[in-house]
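Q: Sequence and predicted structure are below.
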Amino acid sequence: MMKKRKQPVDDGEWPEEMETQLAKSNRVADLPSVSDDDDEEDSGLDGSMGSDVDDAEDAGSGDSDASELLDARHHDLDETEREFMERAERIRQQEEAEAAEKSKEDNRPQPGDADWDPDLFYDSDDSENERTLTTIGDVPLRWYEDMDHIGYDLEGHPVAKPQKQDLIDEFISLNENPQSWRTVYDEKSGRRIVLSAKDMEYIRNLDRGILPEKYDADKWFIPVATNNIDVMPTNATPEPKRRFIPSRWEAKRIRKLAYAIKKGWIKIDDKDKDEKKKQDQFYLVWDQNTSEENRGPERIPAPKPRLPGHAESYNPPEEYLPTEEEAAAWNALTPAERNVNYLPQKFSSLRTVPSYKNYQKERFERCLDLYLCARVKRKKAPLDINKLTPQLPKPADLKPFPAAESIVYTGHTGRVRSVSVDPKGQWMLSAADDSSVRLWDVRSGRCTKVWRFPEGTVVYSVQFNPSSEVLLAAVALADQLLILEPPFATPSQKINAEKLFATESDNNTNETIKALVSWQKPTQAEDVANGIRLRIQYHRGDKAALKSVVWHYRGDYVATVCPDASHNAVLIHQLTKRMSQSPFKKTKTKVQCVKFHPTKPFFFAALQREVRVYNLMKQELTKTLDPGVQWISCIDVHPGGDNLIVGSYDKKVCWFDLDLSVKPYKVMRYHEYCIRAVNFHKRYPLFASCSDDGTAQIFHGMVYNDLLTNAMIVPLKILRGHELRDELGVLDVIFHPTQPWVF
């Protein structure tokens, strides 16, 4: 007897040798003849089997061929069985290795454990760990920028944000890690993933324009005949229609039903038609929720009547009661000519009011109007408020800007009227009503120098020279202008200052100017010790006090304003030549303040209700700006020179685009009381305004070089906490020349 052959192991894929052996077993006629010795050795047949084969050979040639074919098949199947056993052993070893790796992964520390390190997790290349994957969904990652976590796991615990490397650490890891060139960072999960060779092959194919194949050429064979019992068969072709045999009894029943419907014995859908007819027969005329089928035109609501006013009152005011002449004139008119159908009357109480005799007539006319007058429903255009409002950025995206109090400079005993910072931002001057000017160290808040003047003297304004080559300051008293040199000037700044004061004598030739001002060089030892380099005396009297001073950007010219002067209110002084001049002798209204253009020979003069722009080279009026305010208090020019802001006593801040129009581009009404000062920052797109309400407001004002793009103005911060004295709040505001600080 022949041994029973073992079944091959099914691993879901047949090797190429199996296909060859099956092909050999199917080609019976092509098999070569096998010797008796080979049959006994290869197929494992015993001696009795060999004797049986010999008997079969003696029986005839047909039996001999069949025996040789059987032995050949046994030999081929045994070879295939050994190959399958070896493949099954390899598969078993691979599964054991995967199980060991998975158990090692399960023993890793989890979030919440004492020995858990988030960096170890995020640096891992394991893609099977699903316990700590973030589940934030379709949420922008910028929501988690200010948080310590990047999402939540499946249990609802926050997933710690991975530690970000700086550029130096990334460069070191790039050189030390050989796989860094093929590592990508997943922002959604916070992990670093190393691309496999297959992923790199996909990327190269996409770069070359090669589409992926639809199937794998090495795995085209599908094992159909296996030793496993399939729940769903591989071949589930439906039965063909030719095998369907209709039921004779069902066909007979269908014929009877069709005949009954044809004769009218059976009626179909009659009940549904009756219900639909009943529903269409009655409906609510004014109901808006009913179906629109067969309802006619859309209902248009009736116009509401006019509400009663003071004249319809039983006790109207005296001005609504007609006189005898007005009542006679009203009675003489026809009903069509009268404005109203009644005369106002006064009664002592509501109980004495008689019934209205025209009530029924007016109600009837109202019904006629509703019934006969044609009405049209006007459809309003859809209005989206979000499209009308400008899309402004958030203040947090426009940093840096002043947001909190940092240093308080204490020392003045009177009201501080003016402050100024030197071009390098190291020193600050302040002028107050206590007849003193103080020099402060900006960073430490320490007072380093005090200039005291006679008691009762009011210091209205103080300004540093805008040129960093010299360290000079102009101080405006009521009747004189002082040029000070602080004691901390460098040697080069002192040399440049000596060049400015090289001229010794007064060069004014105009008699009118000589009568107004006189140039004086300090001779007293006290003035020289205090650093007073020049004194310009004003001869106007107490009623025309000097209240404003401003420097030219080159540092050689200084302009002063006496708002209460009737003529020659504005004077421009040149230090190098010791000469004074008046740009205009008389104006229609009082001049409030003046400014020089930062780059061009333009001069801005703010009158009571307008701002005039003069060209100093051509000596002509260039344009007149109309802010539309009642009284201008202050102005400032943008460092670029193409924009101007105007503050007024009627709580308005106006932004002018000089290339756009003479009307304001923007009018801001954020203060509760009058505006005292406005100022632009020299480097940052910031400007500020201060008011008597005790607040200083910071704005973002971005000016673009593109002429087609308007300036963007965004309110940023309101600085509060200032003390009000005598109904006066913040009197001056100025920015630091280089830092986003405001004083």
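A: Now that the structure is in, tell me what you want to look at.
Q: And the one helix or strand residue 513 maps to, what's buried?
A: Following DSSP states H and E, the helix or strand that holds residue 513 is helix 511-516. Of the residues in helix 511-516, 513, 516 count as buried by neighbour count, 16 or more other CB atoms under 10 Å. To be clear about C-beta, it is placed using only N, CA and C from the backbone, and glycine gets the same treatment.
Q: now do stretch 399-413
A: Neighbour counts over stretch 399-413 (16+ other CB under 10 Å) mark 401-402, 409, 412 as buried.
Q: How is residue 342 assigned, secondary-structure-wise?
A: coil (DSSP: H, G, I helix; E, B strand; the rest coil).
Q: Could you verify my assumption that residue 327 touches residue 343?
A: Yes: between residue 327 and residue 343 there is a contact under CB atoms under 8 Å: 6.0 Å.
Q: hmm, back to that, would you turn the buried residues of stretch 399-413 into CSV with distance to residue 488, secondary structure and pLDDT?
A: Below are the buried residues of stretch 399-413 laid out as CSV (distance: CB to CB, whole Å; DSSP: H, G, I helix; E, B strand; the rest coil; pLDDT from 0 to 100):
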residue, distance to residue 488, secondary structure, pLDDT
401, 29, coil, 88
402, 26, coil, 88
409, 17, coil, 89
412, 20, coil, 87
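Q: Looking at these, which one is closest to residue 94?
A: residue 401 (63.7 Å; CB to CB).
Q: May I have the phi/psi pair for that closest one?
A: phi -160, psi 160 (degrees, to the nearest 10).
Q: Go ahead and confirm it touches residue 739.
A: No: taking contacts as CB under 8 Å, residue 401 lies outside contact range of residue 739: 11.0 Å.
Q: And the strands in the stretch 501-650 of the chain, which stretches?
A: Remark: strands assigned in the stretch 501-650 of the chain by DSSP state E, counting those that start in this stretch are 517-520, 532-538, 548-551, 557-561, 570-574, 579-581, 593-596, 602-606, 611-615, 620-625, 632-637, 643-648.
Q: returning to that earlier point: just checking, what packs against the helix holding residue 513?
A: Helix 511-516 sits against strand 579-581, with contacts defined as 3 or more CB pairs under 8 Å, 6 or more residues apart in numbering; DSSP states H and E.
Q: what packs against the strand it packs on?
A: helix 511-516, strand 570-574.
Q: Could you rerun that using 7 Å?
A: strand 570-574 (3 or more CB pairs under 7 Å, 6 or more residues apart in numbering; DSSP states H and E).
Q: okay, the angle between the strand it packs on and strand 532-538?
A: Going by axes from the mean of the first three to the mean of the last three CA atoms, to 10 degrees, strand 570-574 is angled at 150 degrees with respect to strand 532-538.
Q: Kindly export strand 570-574 (C-alpha atoms) in PDB.
A: Extracted in PDB, the C-alpha atoms of strand 570-574 (Å, rounded to 0.1, in the frame of the first residue of the first chain):
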ATOM      1  CA  VAL A 570       5.400 133.000  14.100                       C
ATOM      2  CA  LEU A 571       9.100 133.700  14.000                       C
ATOM      3  CA  ILE A 572      11.900 131.500  12.500                       C
ATOM      4  CA  HIS A 573      15.400 131.900  14.000                       C
ATOM      5  CA  GLN A 574      18.700 130.800  12.300                       C
END
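Q: For it, the averaged confidence score.
A: Mean pLDDT, strand 570-574: 87.
Q: got a list of contacts for it?
A: 517, 536, 556-561, 580-584, 591, 594, 605 (CB atoms under 7 Å, 6 or more residues apart in numbering).
Q: In ChimeraX, how would I select the buried members of these?
A: In ChimeraX, this line selects whichever of the contacts of strand 570-574 come out buried by 16+ other CB under 10 Å:
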select :517,536,556,557,558,559,560,561,580,582,584,591,594,605
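Q: low-scoring stretches of the stretch 151-300 of the chain, by residue?
A: For the stretch 151-300 of the chain, the stretches with pLDDT under 70 are 188-190, 211-236, 269-297.
Q: Could you pull out the strands in it for me?
A: Going by DSSP E, counting those that start in this stretch, the stretch 151-300 of the chain shows strands at 158-160, 183-186, 191-194.
Q: Out of the strands of the stretch 501-650 of the chain, which gets nearest to residue 193?
A: strand 643-648 (51.0 Å).
Q: Show me the strands paired with that closest one, marking each as parallel or antiparallel.
A: As defined by DSSP bridges, the strand partners of strand 643-648 come to strand 632-637 (antiparallel), strand 653-657 (antiparallel).
Q: can you pull the buried residues of that strand?
A: Quick answer for strand 643-648 (16+ other CB under 10 Å): 643-648.
Q: will you turn those into TSV that also has pLDDT and distance to residue 339?
A: Converted to TSV, those look like this (pLDDT from 0 to 100; distance: CB to CB, whole Å):
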residue	pLDDT	distance to residue 339
643	91	54
644	91	52
645	92	51
646	92	48
647	92	49
648	92	44
